[in-house]
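# I'd like to go over a predicted model; first the sequence, then the structure.
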Amino acid sequence: MPVKIPDNLPAAEILTSENIFVMSESRAALQDIRPMKVLILNLMPNKIETETQLLRLLGNTPLQVDVDLLRIHDKESKHTPSDHMNNFYRSFEEVSHNNYDGLIITGAPLGQVDFTDVTYWPHITEIIDWSQTHVTSVLFLCWAAHAGLYHLYGLERKLLTKKRSGVFLHQRVNEAVPLLRGFDDEFFVPHSRYAEIEIAELNQHQQLKVLAQSAQAGAYLIISENNRNLFVTGHPEYQKLTLRDEYQRDVLQGLNPDIPCHYFPDDNPECEPLARWHSHGSLLVSNWLNYYVYQMTPYDLSDMSALTPWEVN
């Protein structure tokens, strides 16, 4: 089934050219179906690139998904045209009265900034708190995963001496959960971050469970005891050249970055990288939408009290 997006969203043409099933609002209006309503809080500078990456994954699931795009503030974006923001993004005040089946909170280029020093930190915490009563399931990506673990569970991240960038091998820790259905024993995921929360600390928390991890990249998938919050410390949504573009940007900024691990053939940044994680990203989002959103959410979103008990089988 398709992901439903506004008729003129730039991602529509890109995804259609890739044979990803998307549906315009005008066409969807002719269908008598209850779509999943997913809100995306996009904190990345290049909004169009990030929304396209996420819509690509949502559009590869068997469910029809109705997407709203959320902005964190009204300040002009340096990397996204103001017309795009005004036409396609909504403020929290516009959506706070709604309930949603799912919420995705993206990463943000704030890896070395204390959470409380982030200018919009109060808005982030407000949205996270709101999500616990207005959203069936929340998917936190990269920086947002650490932010959510800090705000909801009091877990402090540890800053790394060097940016952790590359494509790393991961293993399942707990196979008997629906989120990991169909996963290979080992799989690759891109990471791009400046911090981590140690696996031992996560394992000691009674309300959290580590589902997948990497010897080099640490904890990757963490889920809350009630299955409402999924924390993903990597970037399964990244496209083939995203890490390359980030590396080249850091070089031009004089940051002297390390070459992303296990990404370029022979660690040569002049070579075209090899994408080894797209199937994993699609399966992860598909399982999340199916087992933790669709199977749990009430048919009538106006009544979140009808939420299915949080027992995922």
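It's in.
# I'd say residue 234 and residue 191 touch.
Yes - using Cβ atoms under 8 Å, residue 234 is in contact with residue 191, at 4.6 Å. Yep, even glycine has a C-beta here, placed from its N, CA and C like the rest.
# those two - which one has more neighbours?
Between residue 234 and residue 191, residue 234 has the larger neighbour count (other Cβ atoms under 10 Å), namely 31 against 25.
# show me what contacts that one?
Contact analysis of residue 234 by Cβ atoms under 8 Å, 6 or more residues apart in numbering lists 142, 168, 189, 190, 191, 217, 220.
# farthest-apart pair in these, please.
Spatial extent of those (Cβ to Cβ) is set by the pair 142 and 168 at 13.5 Å.
# format the CA atom coordinates belonging to stretch 74-88 as PDB.
This file holds the C-alpha atoms of stretch 74-88, laid out as PDB (Å, rounded to 0.1, in the frame of the first residue of the first chain):
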ATOM      1  CA  ASP A  74       9.000  29.100  12.900                       C
ATOM      2  CA  LYS A  75      12.600  30.300  12.300                       C
ATOM      3  CA  GLU A  76      13.600  30.400   8.700                       C
ATOM      4  CA  SER A  77      15.600  27.400   7.600                       C
ATOM      5  CA  LYS A  78      19.000  27.900   6.100                       C
ATOM      6  CA  HIS A  79      18.900  24.700   4.000                       C
ATOM      7  CA  THR A  80      15.200  24.400   3.000                       C
ATOM      8  CA  PRO A  81      13.200  26.900   0.900                       C
ATOM      9  CA  SER A  82      10.700  28.900   3.000                       C
ATOM     10  CA  ASP A  83       7.900  28.100   0.500                       C
ATOM     11  CA  HIS A  84       8.500  24.400   1.200                       C
ATOM     12  CA  MET A  85       8.300  24.900   4.900                       C
ATOM     13  CA  ASN A  86       5.200  27.000   4.700                       C
ATOM     14  CA  ASN A  87       3.400  24.700   2.300                       C
ATOM     15  CA  PHE A  88       4.100  21.300   3.800                       C
END
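# list the buried ones in it?
For stretch 74-88, a neighbour-count test (16 or more other Cβ atoms under 10 Å) marks 80, 84, 85, 88 as buried.
# now do stretch 274-288
Here stretch 274-288 shows 275-278, 280-288 as buried, counting by 16+ other Cβ under 10 Å.
# for it, give the mean pLDDT please.
Average pLDDT, stretch 274-288: 96.
# can you give me the helices in the stretch 101-250 of the chain?
121-134, 143-153, 199-203, 242-252 (DSSP state H, counting those that start in this stretch).
# mind listing residues that contact the longest one?
Around helix 121-134, the neighbours that count as contacts under Cβ under 8 Å, 6+ apart are 41, 70, 72-73, 92, 96, 98-100, 103, 105, 115, 118, 138, 147-148, 151-152, 228, 304.
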